[in-house]
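Visitor: pasting a predicted model and its sequence here:
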Amino acid sequence: MSVALFTLGGTIAMAGQSRLTGADLTAAIPGLADLAVPLKVQDVQAVGSGNLTLAMLLDVVDAASKAIADGATGIVVTQGTDTLEETAFLVDQIWPHSQPFVLTGAMRNPTLAGPDGPANLLAAARVACSPAARDLGALVVFNDQIHAARWVRKTHSTSTATFTSPNTGPIGHLVEDQVRILTRPARQDGVPGRAEPADLDAAQVALYTVTLDDDGLLLKGLADTHQGLVVAGYGVGHVPAVLAPVLGELAGRIPVVLTSRTGGGSVLRNTYRSDGSESDLLARGLIDGGFLDPYKARVLLRLLLATGEGPDEIIGAFAQHH
C-alpha cells in the first residue's frame, strides 16, 4: 500500500532557474516519513500549468488509475495553481475510484522565506491516505483546508489562502495533523467514456465573457470554428439585449451554456423577463449552467462533446449543477 505522487511542475517545484523533482520536494518535509503508508513518486512533466492540456491530464488520470489498481490508497498531484481548479474539476468528472485524488501546489516558491509547498504537500498526502476522504472524488488541499473540486476557485493572485469555495466553504480541514471532513457532498454521475486526443481536438469550446456596451463582434462566425460555447454573463445570467438573438442563433447550431461571470452564486431561470435576461436566453435554447463557473463549464462541455454526448445528455449533465 502507498500513496502515489505525480508531479507536474509549477511554483511548488520552482527553485530559481531549476525545477525540483518529486524526490527533491519530499526529501525535507518534516512528518512525511511518519505517514501510515509510503509515498511513491513519479515525475510526469515539468510544465507550467498554463501549458497543460486536457490530453496531458487524461494521461495523468490513466497513470493514477493504474496506481490504484496496483494497490495505492490515494493519489496526490502537484501542479501550478493557475489552472489547478480546472484540472481538479476535470479529474472529478472522470475519476471512477473511491480512493481520493488530491491536488495541491504552492503560491510561494522554495527560494522564498516561508514557502507553503511543503505544508501543502504534507497535508495533501495525509488526505490521500485517510479513509475519511474516500468517495469524495477529486479534492484540492491548500492552506490546511480541503475543498471539493466542483466548488473550489483560485480567488487571489498572490495570497497563500487563494483557494476558496465561495458557495460552500471547504468541506474539511486538517486539525493537529488529522483529516476532519465536515460535510460529504454526494458524488455526481460524471462524464461517461474516455475522450481521446483526436476527439478533444475536434471538440473546441469557446468562452465568451460579456462586458459593458458589448458589441458581440467576437461571436461572429463562432459556430463555424467551435463546437460549443460558454457565456459568462452579467450577474444572474444576463447579456445586453442586442446579444440575445445572436446567442439564440448560435444555440440553434451548437450547445451554448449560460453561466455567471461573478465568481459565486447560480444563474437564475425565471426571475427577469426582459430581452437578454436569463429567462429570455434559456427560452432561446441556451443551457442553464447553474452554479458552475465559466471555467468549469467549459471543461465539462468539452468533455461531453469529446465523448459524443448528445443534446439531452449535455443538458442532463449540467442539470446536476443547478
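Guide: Okay, I see it.
Visitor: domains for the chain, by residue range?
Guide: Listed by automatic domain parsing, the domain ranges of the chain are 2-181, 197-319.
Visitor: kindly reformat these as JSON lines containing distance to residue 190, mean pLDDT and mean neighbour count.
Guide: For glycine as for every other residue, the C-beta is placed from the backbone atoms N, C-alpha and C. Formatted as JSON lines, these follow (distance: least, CB to CB, whole Å; pLDDT from 0 to 100; neighbours: other CB atoms under 10 Å):
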{"stretch": "domain 2-181", "distance to residue 190": "5", "mean pLDDT": "94", "mean neighbour count": "19"}
{"stretch": "domain 197-319", "distance to residue 190": "9", "mean pLDDT": "97", "mean neighbour count": "18"}
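Visitor: may I ask you to name the longest helix in the protein?
Guide: helix 54-69 (DSSP state H).
Visitor: which residues touch that one?
Guide: By CB atoms under 8 Å, 6 or more residues apart in numbering, the list of residues contacting helix 54-69 from outside reads 4, 6, 8, 40, 42, 44-45, 47, 72, 75, 77, 87, 90-91, 94-97, 99, 101, 194-195, 197, 200, 299, 302-303.
Visitor: given whichever helix or strand comes after it, what are its sheet partners and their directions?
Guide: Using DSSP states H and E, the helix or strand that follows helix 54-69 towards the C-terminus is strand 72-78. Note on strand 72-78: by DSSP bridges, its sheet partners are strand 2-7 (parallel), strand 101-104 (parallel).
Visitor: OK, contacts around the residue nearest to residue 23 when sequence neighbours are not counted?
Guide: Closest residue to residue 23 apart from its sequence neighbours, by CB to CB, 6 or more residues apart in numbering: residue 41 at 5.8 Å. By CB under 8 Å, 6+ apart, residue 41 lies in contact with 5, 7, 21, 22, 23, 26.
Visitor: backbone dihedrals for residue 41, please?
Guide: phi -100, psi 140 (degrees, to the nearest 10).
Visitor: what pairs with it across the strands?
Guide: The partner residues for residue 41, given DSSP bridges, come to residue 5.
Visitor: all further residue positions should be reported with the first residue as 121.
Guide: Taking 121 as the first residue, the last one we looked at is residue 161.
Visitor: distance of it relative to residue 228?
Guide: 22 Å (CB to CB, to the nearest Å).
Visitor: check residue 330 too.
Guide: 35 Å.
Visitor: just residue 410 next, same as before
Guide: Taking CB to CB, one finds residue 410 at 34 Å from residue 228.
Visitor: for residue 133, phi and psi?
Guide: phi -110, psi 10.
Visitor: apart from its chain neighbours, what residue comes closest to it?
Guide: Closest to residue 133 by CB to CB, 6+ apart is residue 140, at 4.4 Å.
Visitor: so which of the contacts of helix 174-189 are in helices?
Guide: Per DSSP H, the subset of the contacts of helix 174-189 in helices is 207, 210, 211, 214, 317, 320, 419, 422, 423.
Visitor: circling back: and the contacts of residue 161, which two are furthest apart?
Guide: 125 and 141 (10.9 Å; CB to CB).
Visitor: which residues does the residue lying closest to residue 335 once chain neighbours are set aside contact?
Guide: Leaving aside its sequence neighbours, residue 335 sits nearest to residue 362 (CB to CB, 6+ apart; 7.8 Å). When contacts are counted by CB under 8 Å, 6+ apart, residue 362 touches 334, 335, 336, 396.
Visitor: ok, the first one - contacts?
Guide: Applying CB under 8 Å, 6+ apart, one finds that residue 334 lies in contact with 359, 360, 362, 363.
Visitor: so the last one makes contact with residue 336?
Guide: Yes. Counting by CB atoms under 8 Å, residue 363 touches residue 336, with 4.8 Å between them.
Visitor: I'd like the strands paired with strand 192-198 as JSON lines, with distance to residue 300 appended.
Guide: Shown next, in JSON lines, are the strands paired with strand 192-198 (distance: least, CB to CB, whole Å):
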{"stretch": "strand 122-127", "distance to residue 300": "19"}
{"stretch": "strand 221-224", "distance to residue 300": "15"}
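Visitor: among the ones you listed, which is nearest residue 376?
Guide: strand 221-224 (29.3 Å).
Visitor: which elements pack onto the host helix or strand of residue 369?
Guide: Using DSSP H and E, residue 369 maps to helix 364-371. Under the contact definition 3 or more CB pairs under 8 Å, 6 or more residues apart in numbering; DSSP states H and E, helix 364-371 sits against helix 398-403.
Visitor: alright, that wraps it up for me.
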